[in-house]
Structure formats: structure tokens, C-alpha cells
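Visitor: Kindly generate the corresponding structure for this input.
(one chain, ligands or ions: 1)
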Amino acid sequence: FSYCTLYIDSREISRYDFTKPCTYTGRKGDTIMKILFYGAKDYDQQFFDKLAPEYPGITFKFIEANLYEETASLAKGYDGICAFVNADISTAVVKELHIQGVRLILMRCAGYNNVDLKAAAHYGIKVLRVPGYSPEAVAEHAMALVLTANRHTHKAYIKCRENNFALNGLMGVNLYKKTAGIVGTGKIGLAMARICRGFGMRVIAYDLYPNKELDFLEYVSLDALLSTSDLISLHCPLTEETHHLINEDSISKMKDGVILVNTSRGGLIKTEDLIAGIRDHKFFAVGLDVYEEESELVYEDMSERILQSSTIQRLLSFPNVAMTSHQGFFTEEALTNIAETTLQNAADFRDGKELKNQVTI
Ligand code: NAI
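Guide: So this is what the prediction gives:
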């Protein structure tokens, strides 16, 4: 046989193709390091293949199958694995990777909330990530969601294609002179703040660690941000503290007619409370690149399937909600930077150099 297919509850989750060749770019005498690349898409392979010749001896086997408990054993014989935001790297998976001899987890993304760092440390597996591959890519997508949800460009496009040139249902609001509230002013939040400033907005922000050097925005408390912002954009990481930061209570503090955008992590918003808020007409528009329950859907073509998640269906049913599939990072520049840093992380590990992108508990 040439492939095996993983089914969960009769649904095809992913396919492991034995016929795809391993990308090897080594010279004789190089220390070979074998990495199994889970959840590979053609675009991933394209950007890694392009840069691989610059990292002799780092070899990749690209497989479509994502990393779950059921697929962790495929890593037998590999020094490391490479995974993305939608992989399951919980305790049992880390244990299985350890049993298979894996010593390195290369996250080809910034977030690592899906990795059990404690288990990795326990088994002596190093976890490395790509801390900032293109903050602008995500921030520009956040603004694209604001504009789409606010000005209904997703609907206008379809209407025009159907020769429907009427404007009903397409009215938006100006952003100029309105207040943008940025939650988390790290790399992406700062890029988003600059974009909002460029739109002529007043920018306020909330962060646990305010950046004193930013003179074009004003730091306020979270409550003040919630109650005065016309646009709220989330850019803090998902932690125990930020889990369900946006809930019934915080939504009740927001201005009526607020625009809410989340390009950070789905778990920041309690979806049931968001849905209740949308039904209460609290929001003018909502833009979501990330959402709870996304991990089994994102990056897969589910157009022929009957989706089991009613939450996502309900969100999609609202006329003022625009959703994308965790694609904020998806630009040529970002994919180049992801491939470059991941390859460098692997080379640093192999060569015993300082692991500057290591994630620890
Ligand atoms: P960063 O680490 O540069 O910035 C995060 C900021 O959030 C920091 O300033 C930090 O002090 C702040 N923060 C931490 N806890 C907070 C809290 N409880 N309340 C308020 N602020 C808090 O991270 P970066 O690169 O800006 O990324 C932000 C998030 O964006 C990532 O954690 C990731 O979840 C998400 N992301 C989404 C992508 C997408 O494709 N949609 C791609 C890349 C990242």
C-alpha cells in the first residue's frame, strides 16, 4: 500500500503518504538530522524546500497527517518533529514522541499553547518556536477583517457578481476619528496600533507590561478600554489568565455598536457569550480569524462534509460576522521567515548552539 488514512468518528482526518520522498539536502559528512513534518501542505513544502539547501544535513519528511495521539508513533526514527498551531501536543502525545526517540519539537509558529511544556521538560524534549515571523502579516489581516465585517465587502462582492447593485445591507461606519482599543501591545498589537493610527483613529491600549516608548497611544485599564473603544482588537496570548477574557461581563462593559476582532487565539473569547451579545445587537461587526473548536477544521477543505460543530455554524449565520480560517500569518514574507527560523532552530539544536527560540515552562 502507498498510504494510510486516519479516521476519527468515521471522518477522514488525515492521510500519511508513504510514496512522497524525503527532502534531503545534505553533503557527504554532514551530521544528518531527520525531522518529521506533520500536517504539511504544498505551500509549507515549497518554502522549506527553497531554503533547505542553505542548511545541509537537516532533512525533512513531509506528511499530510497532523500530529495527534494516533499519529505520534509515525515519528519513530526521527530526531525531531515539526508541528503547527492545530496539532495536539498534549501529555500523551509528548510521551509517545519520547518513546519513539524524538528529542526536539519544532513549532513552526509563534503560539505554543497546544504544547504540554511540562511533559516535554519531563522527557528532556526541547521545544523551539518562531517568535515573530511577520507581525504585519497578522495585523494587516486584522484590519482586513475590520474592513470586511464593517463594510460588508464579502457580501458586496457576491452581490455584484449576481448583478445585484443595490446597497441595502451594506452600510458601514467610518473608522476615522473613532477609538481603537488594542489588547496586548506586543509585536502584532503594535503593528495593528500603527495601522489604526494611519486610519486617523485615536489609539488606546491595555497590556500587563505597557511599552513606555510608544508615544502615539495611551495605556488605559481593561475596563476603560472596553467602555470607550469603537473597535477592539485582541493581540494578547492565550494563557490561563486570558482564557475567556471576552465573556458576558466584559461584553456588557463594551459600547453598543462596537466592532470586535480576534486574530490571536479562539480561547480568548467565550463563544457562547459572544453569540448572546451578537443576538442582543451589541456588536456592529465581528471579525474572527480564530475561534474555539477550530482545530479540527482549519486548513482542511470541509466543503463536502456535514459539520458537527453547531457553534461555528451559528457564528456563520450572523450577517455582521466575517470569519477566516486562521490565516493571519499567511503571506509569502511570513512563510519565508517561518521556514528560515525553523531550519535555523533545527541547525542550532543539532550543532549544540544556544537555543534562543526555546520555549520553557
Ligand atoms: P507578543 O508576545 O509579542 O505580544 C503579546 C503581548 O500581550 C505582550 O505585550 C504581553 O505583555 C501581552 N499580554 C500578555 N498577557 C496579557 C494579558 N493578560 N493582558 C493583556 N496583555 C497581555 O506576541 P505577538 O507576536 O504579538 O502575538 C500575539 C498573539 O497573536 C500570539 O500569542 C498568537 O496567539 C497570535 N497569533 C496569531 C496568528 C494568526 O495567524 N492569526 C499568527 C501569529 C500569532
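Visitor: If you drop the residues flanking it in sequence, what lies closest to residue 333?
Guide: Spatially, and ignoring its direct neighbours in sequence, residue 333 is nearest to residue 134 (5.1 Å; Cβ to Cβ, 6 or more residues apart in numbering). No exception for glycine: its C-beta is placed from N, CA and C like everyone else's.
Visitor: all helices for the protein, in order.
Guide: All helices of the chain, identified by DSSP state H, fall at 42-51, 91-99, 117-122, 135-151, 153-161, 187-198, 222-228, 248-253, 271-279, 310-316, 332-350.
Visitor: Include mean pLDDT, mean neighbour count and distance to residue 174 when you put those helices into a markdown table, please.
Guide: Formatted as a markdown table, those follow (pLDDT from 0 to 100; neighbours: other Cβ atoms under 10 Å; distance: least, Cβ to Cβ, whole Å):
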| stretch | mean pLDDT | mean neighbour count | distance to residue 174 |
| --- | --- | --- | --- |
| helix 42-51 | 96 | 16 | 36 |
| helix 91-99 | 98 | 19 | 48 |
| helix 117-122 | 98 | 16 | 44 |
| helix 135-151 | 98 | 22 | 9 |
| helix 153-161 | 96 | 13 | 15 |
| helix 187-198 | 97 | 21 | 13 |
| helix 222-228 | 98 | 17 | 17 |
| helix 248-253 | 98 | 15 | 23 |
| helix 271-279 | 98 | 18 | 22 |
| helix 310-316 | 88 | 14 | 26 |
| helix 332-350 | 97 | 20 | 30 |
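Visitor: how about the ones you listed in TSV, adding distance to the ligand?
Guide: As requested, these are exported to TSV (distance: least, Cβ to the nearest ligand atom, whole Å):
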stretch	distance to the ligand
helix 42-51	14
helix 91-99	20
helix 117-122	15
helix 135-151	5
helix 153-161	18
helix 187-198	3
helix 222-228	7
helix 248-253	12
helix 271-279	16
helix 310-316	16
helix 332-350	8
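Visitor: export those to JSON lines and tack on distance to residue 77?
Guide: Formatted as JSON lines, the helices of the chain follow (distance: least, Cβ to Cβ, whole Å):
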{"stretch": "helix 42-51", "distance to residue 77": "20"}
{"stretch": "helix 91-99", "distance to residue 77": "12"}
{"stretch": "helix 117-122", "distance to residue 77": "19"}
{"stretch": "helix 135-151", "distance to residue 77": "35"}
{"stretch": "helix 153-161", "distance to residue 77": "46"}
{"stretch": "helix 187-198", "distance to residue 77": "36"}
{"stretch": "helix 222-228", "distance to residue 77": "49"}
{"stretch": "helix 248-253", "distance to residue 77": "48"}
{"stretch": "helix 271-279", "distance to residue 77": "40"}
{"stretch": "helix 310-316", "distance to residue 77": "38"}
{"stretch": "helix 332-350", "distance to residue 77": "16"}
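Visitor: quick one: which of those helices is nearest residue 81?
Guide: helix 91-99 (6.4 Å; Cβ to Cβ).
Visitor: Check what pLDDT the nearest residue to residue 200 once chain neighbours are set aside gets.
Guide: Counting by Cβ to Cβ, 6+ apart, residue 200 lies nearest to residue 176, which is 4.3 Å off, once chain neighbours are set aside. With respect to pLDDT, residue 176 has a value of 98.
Visitor: ditto for the one 10 residues further on
Guide: Note on residue 186: pLDDT of 95.
Visitor: just residue 361 next, same as before
Guide: 86.
Visitor: And it, how far from the ligand?
Guide: 16 Å (Cβ to the nearest ligand atom, to the nearest Å).
Visitor: In this structure that residue contacts residue 116, no?
Guide: No: in this structure residue 361 lies outside contact range of residue 116 using Cβ atoms under 8 Å: 9.7 Å.
Visitor: Those two: which is more packed in?
Guide: residue 116 (20 against 9; other Cβ atoms under 10 Å).
Visitor: got a list of what the residue of the chain found nearest the ligand touches?
Guide: For the chain and the ligand, the shortest gap (Cβ to the nearest ligand atom) falls at residue 186, measuring 1.6 Å. Residue 186 makes contacts with 135, 207, 235, 236, as judged by Cβ atoms under 8 Å, 6 or more residues apart in numbering.
Visitor: give me every residue that touches the last one.
Guide: The contact partners of residue 236, taken as Cβ under 8 Å, 6+ apart, are 183, 184, 186, 189, 207, 242, 245, 264, 268.
Visitor: Of the residues you listed, which pair is most distant in space?
Guide: The distance between the two most remote of these (Cβ to Cβ) is 15.1 Å, for 186 and 245.
Visitor: Name the nearest residue to residue 353, ignoring sequence neighbours.
Guide: residue 347 (7.8 Å).
Visitor: Revised request: answer the last question for residue 239.
Guide: Distances taken as Cβ to Cβ, 6+ apart put residue 113 closest to residue 239, at 7.7 Å, once the chain neighbours are dropped.
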